[in-house]
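> build me a model:
(2 chains)
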There are 2 protein chains.
Amino acid sequence: MQNLVVQKYGGTSVGTTDKIKNVANRIKGYHDSGSHVVVVVSAMGHTTDELVDLAEKINPNASRREMDMLLSTGEQVSISLLAMALEAIGVPAQSFTGSQVKIITDGNFSNAKIEMIDRTRIDEALALGKVVIVAGFQGIDRNENITTLGRGGSDTSAVALAATLGAKECEIYTDVDGVYSADPNKVAGAKKHAMITYDEMLELASLGAGVLHSRSVEFAKNYNVVIHVRSSFNQNPGTLVVSEDKLVENVRVSGVTVKSEEARVTLPDVPDKPGMAAELFGNLSAADIIVDVIVQSSPANGKNTISFTISRKSLKDATPILEKFAKDHGTGKVDIDDKIAIVSAVGVGMKSHVGVAATMFKALAANNINIEMISTSEIKISCVITEADAKKALQEIHKAFEI
Amino acid sequence: MQNLVVQKYGGTSVGTTDKIKNVANRIKGYHDSGSHVVVVVSAMGHTTDELVDLAEKINPNASRREMDMLLSTGEQVSISLLAMALEAIGVPAQSFTGSQVKIITDGNFSNAKIEMIDRTRIDEALALGKVVIVAGFQGIDRNENITTLGRGGSDTSAVALAATLGAKECEIYTDVDGVYSADPNKVAGAKKHAMITYDEMLELASLGAGVLHSRSVEFAKNYNVVIHVRSSFNQNPGTLVVSEDKLVENVRVSGVTVKSEEARVTLPDVPDKPGMAAELFGNLSAADIIVDVIVQSSPANGKNTISFTISRKSLKDATPILEKFAKDHGTGKVDIDDKIAIVSAVGVGMKSHVGVAATMFKALAANNINIEMISTSEIKISCVITEADAKKALQEIHKAFEI
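Below you'll find the model as predicted:
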C-alpha cells in the first residue's frame, strides 16, 4: 500500500483527554496529506499501574491469564477514545482490539510473543479511507484467550504491524525526542543520536535506557523496519533505528547507561564439573528470575566462582533456590550485595576500535570507583559497581568517550 | 448439565474490591456444594458513567461503535477481578468476554439484541470444575465488532445464558431484595412479592420500576427461565418471576409505579385519514425517540387529537419533527407539557377483577389530582398527571388497592 504510515503513541502521549485530542490533530495532518495511517496506542498514563493495584487488592497472586484479561482493557479504552477524537475533527476512524485484527501470540500470558497478524480487517478499513487504530500490548492465543506482550509491548505491536503491512518506517512517539547517548536528566552533555543501529538499541534497551521494548527492536531488525523514535509534543525529527549498513559512521560508543535496583550474587567454590551452571540458572529461570550479567572465573583447585546479577526485588525468590544449590553441591557461602548498579557503554564502533574497555576502566579508576564484575560483548562493556557511585560513573564514562 | 446455577451480579454488588470478595465467597458456597456455576457480572459501580463522561469530554457525538468499544471494558475489568477473587479463595475460575463465548448480537450498537450464544467454551470450563464468569452487557456482531445491549443489558446476558445452558433458574443479584408493589423509598407500605408473572414484570420494568432489564424478562418468558431477583448483601429469598400458570393466586394489582422526567405532547386537529399516526410515530422512531403512552380520541369533524408521552430529554430532538408534521398536515398548534409523570397500576389479576380502573381514578379524584391522559392494557392502567402530584398519587393508589 502506498503512503502507509504506522505510528505508535505511548501512555504519556495519550495521558489525558487533551493529549488524546493533540494526538488526533497530529494524525489528521498525515491523513489530510493523503497517507494511510495505522496507529497503535498504549493505555492512558498510569492506567496499567492502577489496574495492577486493583488486582493486588483482590489477589496478589492472580493468574496471569486473568491479569491479561484485566490489563488489556487499558488499551481498549484509549483506542476508542482516540477514534472518537478523530471522528470529532472529521477524520473517519475505526478502532480494533488485538482480538479483532487477530494479533495471534503464543500462550505465554503477560509476556506473549506475536506469531502472526491478519491484515484483512486493517486493509478493509484503510481502503474505506479510515484511520485504523489498533490496541497495543495485546493479542490473543490460538484459543482466543487475551494475552499481553509485557511492559512496553505496544512498541512491538507497532513494529509487528509495520512489518505485516510492509511499511518502511514505524514512528514511535514518546515523551522524549529520541535516543540519547545517556540519560539527559543524569548527564549534562548527553547527545541525541540522529541514527543508531538495531544492535546498539537492543543493548541500550535491555540496559534500562527505557526508550524501546527490546522485542520491538528485534522485530524491526528481522523485518528491516526503520524505527523512528520521536516526541509527540513537538515536530522535531527524532532518532532513526536502522541496520548497520545504513549507518554513515560508526562512533566508538553511542550510549552509556546505568541500571539500578540490581543485586550481585556470588557463589564461591562451585565444583568444576559439567551441568553446574545449567542447573543453577535453570532453577532460577524456572522461578521466573531474570539473570543479567553472568561471570564465571577460570577454575582453580577444581572449583569455580560464579557471580551474576539479578533485580533486587527478585532476591527474595532467589535466596531459597541459591541456598539449596549451595547445600546440594557443597559450595561456599552465598554472598549477596544488594547495593550495586551496572554501568554500560554500547557502540557498534567498539568492534573496530581498540582501547574502548581500557578507556572505560581508566575513567572509573581515576574516580576511585571499584569494579566488582566485568562483562563484555562485541558492542557492549558492562561493569558492576557500588550503587552509590552510579551517577558519577555514568557522567565520567560519558565524558571519557567524548560523545 | 446437572446442578447448573446461573447468577448475575449487578454493578452495586461488585462496586468495590471488598464487595467483589463478598460475591466470590457467595459463589464459593454454591461451588463447594457441587453446583456448576456460571456468573454474569456488570461493571463496577459507576464505571460505565465515568467512561461515558470521559467520552463526552472528547466527543459528545461519538459513534456508537466506538462507545461500545469503550463501555465494554467496564465488564471486562469486573470479570477478571472476580476470577482473581475466586482464585484467591481456592476456587478455580475463568473469565470470558462476550466475544470469547460468542454472544452473537445484531449490529445495532448500544442497543444490540442477542441472536445466539456458543456454549462450547463454557461447557469446557465447567467440565474442568471451573466457575465460569461471563462479561454482561456485551456481545459481538457477525463481523466481530463489540456491541452492547443497552443499560441493564447484563440481566439479558444472564437470562440468555441460562436459556442457552438449559438452567431452570437465573438468579439476579441486586441491591434490593426483590420486586416490590411500589418503590419502598416512596411508599411506606410497599410489599415484597414472593412471585410475580413475566407480564407483570414486563409492565413494571418498562414503567421504570428499575429492577430488571425488559428484554431479559421477554427472554425468560420465551424460554421459560425462572428469574430469581434477590440481594447480594443477605441470604433472604427474593422474588421469583414466573409464568402465569405457576402463580397460585392472582392478586388484582401487584405493583404501582411512577415514571418521571416525562413530557406530554398533544397534536390537535390531525386530519382523520390513514397514515397519519404511521408517519408521525415513524418519524419519531427514526430519530430514536421512544414514545410511551399514546392516546388518540375518536374523530370529530374529520379531525383527531393525538396525545403521547416521550422522555423530557428527547423533547429537543422531537420538536422540529413535530413542527414539520404540524405544518405539512395543517394540524393545530403543538401543545407540550414538560412537567408530567405517569402513574401506573399493574396486575394480571385485573383481567378477572372488575372495578380496578374505577378504584384508581377514585383514589386520584379524592386527592384532587387531575388526570391528563388515560391508557389501559389487559394488565395495566396508566394515568398521566402533573409531576408535582406524582408521589402523592403513588401512595394513594397503593393504599386504595390495599396491596
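
> A:Y198 against A:L240, yeah?
No: using Cβ atoms under 8 Å, A:Y198 is not in contact with A:L240, being 10.8 Å away. From N, CA and C alone the C-beta is placed, and that goes for glycine too.

> where exactly do the strands run in the stretch 201-350 of chain A?
In the stretch 201-350 of chain A, the segments counted as strands under DSSP state E, counting those that start in this stretch are A:226-231, A:239-242, A:255-271, A:291-296, A:303-311, A:335-346.

> tell me which strands the shortest one pairs with, and in which orientation.
The strands that strand A:239-242 pairs with in its sheet are strand A:195-197 (parallel), strand A:226-231 (antiparallel) (by DSSP bridges).

> and the stretch 201-350 of chain A, which residues reach chain B?
By Cβ under 8 Å from any Cβ of the partner chain, no part of the stretch 201-350 of chain A sits against chain B.

> count of residues packed around the residue of the stretch 201-350 of chain A found nearest chain B?
Per Cβ to the nearest Cβ, A:S232 is where the stretch 201-350 of chain A lies closest to chain B, at 16.6 Å. Applying other Cβ atoms under 10 Å in any protein chain shown, we find 21 residues neighbouring A:S232.

> still on that earlier bit, tell me which of A:Y198 and A:L240 has more neighbours.
A:Y198 (22 against 19).

> report the contact partners of the more buried one.
A:Y198 makes contacts with A:V217, A:E218, A:A220, A:K221, A:V241, A:V242, A:S243, A:E244, as judged by Cβ atoms under 8 Å, 6 or more residues apart in numbering or on different chains.

> what about the stretch 251-400 of chain A, any weak spots by pLDDT?
Scanning the stretch 251-400 of chain A for pLDDT under 70 picks out A:251.

> now A:A112, what's its secondary structure?
coil (DSSP: H, G, I helix; E, B strand; the rest coil).

> repeat that for A:V52.
At A:V52 the chain is in helix, as set by three-state DSSP.

> residues contacting it?
The contact partners of A:V52, by Cβ under 8 Å, 6+ apart, come to A:M67, A:L71.

> distance check, it against chain B.
In this view, A:V52 and chain B are 11 Å apart by Cβ to the nearest Cβ, to the nearest Å.

> could you check the pLDDT of that residue?
As predicted, A:V52 sits at a pLDDT of 95.

> return the residues in contact with A:M67.
By Cβ under 8 Å, 6+ apart, the residues touching A:M67 are A:V52, A:A55, A:F109, A:S110, A:T148, B:S80, B:M84.

> taking these, please make a PyMOL selection of just the buried ones.
To isolate the buried members of the contacts of A:M67 in PyMOL, using 16 or more other Cβ atoms under 10 Å in any protein chain shown:
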select buried, (chain A and resi 55+109+110+148) or (chain B and resi 80+84)
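
> filter the contacts of A:M67 down to just the ones in helices.
A:V52, A:A55, B:S80, B:M84 (DSSP state H).

> nearest to A:V134, of those?
Closest to A:V134 out of those is B:S80 (21.3 Å), distances taken as Cβ to Cβ.
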